[in-house]
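*Asks:* structure of the sequence below:
(one chain, ligands or ions: 2)
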Amino acid sequence: MTDEFFFGKLFIVLNRNLSDLGIELFLYKGGYFLNYIKVENLTFYYDEEPVLEDVSYHVEDGEFVILTGENGAAKSTLIRATLGLLKPAKGQVTISKKNVDGKKISIGYIPQQISSFNVGFPSTVYELVSSGRYPRDRWFKKLTEKDHEHVKKALEAVNMWDMRQKRIGELSGGQKQRISLARVFATDPDLFILDEPTNGMDEQSRKNFYRLLRHSAHKHNKAVLMITHDHEDIKEYADRQIRLVRKEDSQWRCFHMSS
Ligand SMILES: Nc1ncnc2c1ncn2[C@@H]1O[C@H](COP(=O)(O)OP(=O)(O)OP(=O)(O)O)[C@@H](O)[C@H]1O
Ligand SMILES: [Mg+2]
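*Replies:* Numbers count the residues shown, from 1 in each chain. Ligands and ions are numbered 1, 2, ... in the order given. Predicted coordinates for the structure are as follows:
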């Protein structure tokens with residue numbers, strides 16, 4: 001490798017000892033990209049039944065990837081296993097320890113049908129979303145102008161800026177879902193893992209949201225892995241699709257990759 005391959009922030013990363021950083025780099029379309037997620041030959045069982053068999057996929061920084069498959073195709077199971085919340089029977093899951101700037105990677109995960117905040121939840125929409133701007137070592141500090149800008153952008157992205165003074169308990173299910181998304185945006189993670197985040201959004205809100213995800217990936221080097229059933233709308237926004245399909249020769253209702 002020579003220096004002529006290096007540019008911008010990648011140069012910073014490559015100047016360090018990569019194995020120390022736990023970083024895996026590979027050549028792609030003439031530039032270097034990081035594998036934020038790498039899953040190899042993953043097999044997962046609930047009790048005695050396999051639901052996923054021999055699944056391999058990866059997600060790099062800078063790309064917007066969707067994960068699709070019929071109801072029950074074990075999409076949620078796959079991302080929970082990817083996050084380390086479920087333990088696979090076989091295979092290996094690697095999440096990069098560092099982001100492209102060589103800093104500790106941060107992940108924003110939104111589970112499917114986020115459990116509703118209870119009705120008495122005292123915060124306002126603005127307070128809840130801005131709480132995403134307090135990293136662990138900064139909770140005692142005041143939010144800066146930039147923090148507030150970020151919160152505003154996040155709320156606008158999900159069409160909830162006008163409702164910022166409302167109490168969480170007064171919101172509908174779909175609105176609660178949207179402010180959960182806004183909070184994840186406010187935390188500004190490197191890797192977004194979203195399980196059917198657009199449920200309950202109308203078509204225009206969905207498109208705005210997809211546009212924002214694509215922008216985050218392409219312009220800010222974020223990686224996005226999103227489960228969705230919304231195949232038609234999403235086509236012009238996503239970079240790549242990972243599809244789980246039913247395995248034909250299995251006695252179980254078991255899924256694997258389509259290709
Ligand atoms: N905790 C559990 N114990 C046993 N079986 C489970 C458990 N959770 C899910 N399953 C089963 O595993 C399969 C995959 O479920 P999963 O929720 O991952 O599917 P999905 O692709 O996310 O579906 P959907 O599109 O409906 O969200 C289903 O057959 C489901 O019934
Ligand atoms: Mg699911």
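
*Asks:* all strands of the stretch 1-150 of the chain, in order?
*Replies:* Using DSSP state E, counting those that start in this stretch, the strands found in the stretch 1-150 of the chain span residues 25-28, 31-46, 49-60, 64-68, 90-95, 107-110.

*Asks:* what lines up beside the last one in the sheet?
*Replies:* If I follow you right, that is strand 107-110. Using DSSP bridges, the strands paired with strand 107-110 are strand 191-195 (parallel).

*Asks:* the strand it pairs with close to ligand 1?
*Replies:* No. For strand 191-195, no contact with ligand 1 is found by CB under 6 Å from any ligand atom; the gap never falls below 7.2 Å. Placement of C-beta: from N, CA and C, glycine included.

*Asks:* just say which of the strands of the stretch 1-150 of the chain is most tucked in.
*Replies:* The highest mean neighbour count among those, using mean count of other CB atoms under 10 Å, belongs to strand 64-68: a mean of 22.

*Asks:* quick check: angle from that one to strand 49-60?
*Replies:* Between strand 64-68 and strand 49-60, the angle comes out at 170 degrees (axes from the mean of the first three to the mean of the last three CA atoms, to 10 degrees).

*Asks:* which strands or helices does strand 64-68 pack on?
*Replies:* Contacts defined by 3 or more CB pairs under 8 Å, 6 or more residues apart in numbering; DSSP states H and E place strand 64-68 against helix 75-82, helix 203-220, strand 223-227, strand 240-246.

*Asks:* in JSON lines, list those along with distance to I110.
*Replies:* Shown next, in JSON lines, are those (distance: least, CB to CB, whole Å):
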{"stretch": "helix 75-82", "distance to I110": "10"}
{"stretch": "helix 203-220", "distance to I110": "12"}
{"stretch": "strand 223-227", "distance to I110": "9"}
{"stretch": "strand 240-246", "distance to I110": "18"}
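
*Asks:* mean pLDDT and distance to R211 added to the strands of the stretch 1-150 of the chain, as CSV?
*Replies:* What follows is the strands of the stretch 1-150 of the chain, written out as CSV (pLDDT from 0 to 100; distance: least, CB to CB, whole Å):
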stretch, mean pLDDT, distance to R211
strand 25-28, 50, 24
strand 31-46, 89, 21
strand 49-60, 95, 19
strand 64-68, 96, 10
strand 90-95, 96, 26
strand 107-110, 90, 18
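
*Asks:* mind checking which of those strands is nearest ligand 2?
*Replies:* For those, the distance to ligand 2 is smallest for strand 64-68, at 9.6 Å, taking CB to the ion.

*Asks:* ok, the closest residue to ligand 2 within the chain to L86 distance?
*Replies:* Here the residue of the chain nearest ligand 2 is S76; by CB to the ion that distance is 3.2 Å. Taking CB to CB, to the nearest Å as the measure, S76 falls 10 Å from L86.

*Asks:* and if you look at G169?
*Replies:* 32 Å.

*Asks:* next: Q251.
*Replies:* Distance from Q251 to L86, counting by CB to CB: 22 Å.

*Asks:* rewinding a little: closest one to V158 among the helices and strands packed on strand 64-68?
*Replies:* Closest approach to V158 among the helices and strands packed on strand 64-68 is made by helix 203-220 (6.7 Å; CB to CB).
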